[in-house]
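A.B. asks: pasting the structure only:
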């Protein structure tokens, strides 16, 4: 059983900052990728950022230069530092993790957090 627990969302004014955290727990053998998607009302879910266990990071163009993803592999935790937030960043942010529970790197599974609301408004 694997669980992802997120924290750190909230209400912030434009130009402000927030930091999201996501911790994976359970019978994890290899934790390959951790990251976030987001979904705004009436829009499709989109990738925000993710990072491999080799610290390779990927960002959506819309957040590049403003958001920074990092990982603490000793804690199975990822962080998303969001700076210079804009109203269009308002969405529910979902943490995800791509991992295996049996050591078989050929068949990883994806798990999702419960989602955390980020609202950017003045």
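C.D. replies: Sure thing, it's come through. Please read all numbers here as calculations on a predicted model, not as lab measurements.

A.B. asks: quick one: the residue nearest the centre of the chain and residue 102, what's the gap?
C.D. replies: The centre of the chain sits closest to residue 36, judged by C-alpha atoms, centre = their mean, with a distance of 2.7 Å. Going from residue 36 to residue 102 by C-beta to C-beta, to the nearest Å gives 26 Å. For glycine as for every other residue, the C-beta is placed from the backbone atoms N, C-alpha and C.

A.B. asks: Then residue 24?
C.D. replies: Residue 24 sits 16 Å away from residue 102, going by C-beta to C-beta.

A.B. asks: Which one's more surrounded, the two?
C.D. replies: residue 24 (21 against 10; other C-beta atoms under 10 Å).

A.B. asks: and that one, bridged to which residues?
C.D. replies: residue 4 (DSSP bridges).

A.B. asks: Make sure it is actually in contact with residue 35.
C.D. replies: No. Using C-beta atoms under 8 Å, residue 24 makes no contact with residue 35, being 11.6 Å away.

A.B. asks: What are the buried residues along stretch 9-23?
C.D. replies: By neighbour count on 16 or more other C-beta atoms under 10 Å, the buried set for stretch 9-23 is 9, 12, 18, 20-23.

A.B. asks: Over to stretch 52-63?
C.D. replies: Neighbour-count burial for stretch 52-63, with 16+ other C-beta under 10 Å as criterion, is recorded at 59, 63.

A.B. asks: which ones are touching the closest residue to residue 52 other than its chain neighbours?
C.D. replies: Of all residues not flanking residue 52 in the chain, residue 33 sits nearest, at 5.4 Å (C-beta to C-beta, 6 or more residues apart in numbering). Residue 33 sits next to 50-53, 96-98 when contact means C-beta atoms under 8 Å, 6 or more residues apart in numbering.

A.B. asks: related to what we said a few turns ago, for residue 107, see how far away the residue nearest to the centre of the chain is.
C.D. replies: Distance from residue 36 to residue 107, by C-beta to C-beta: 23 Å.
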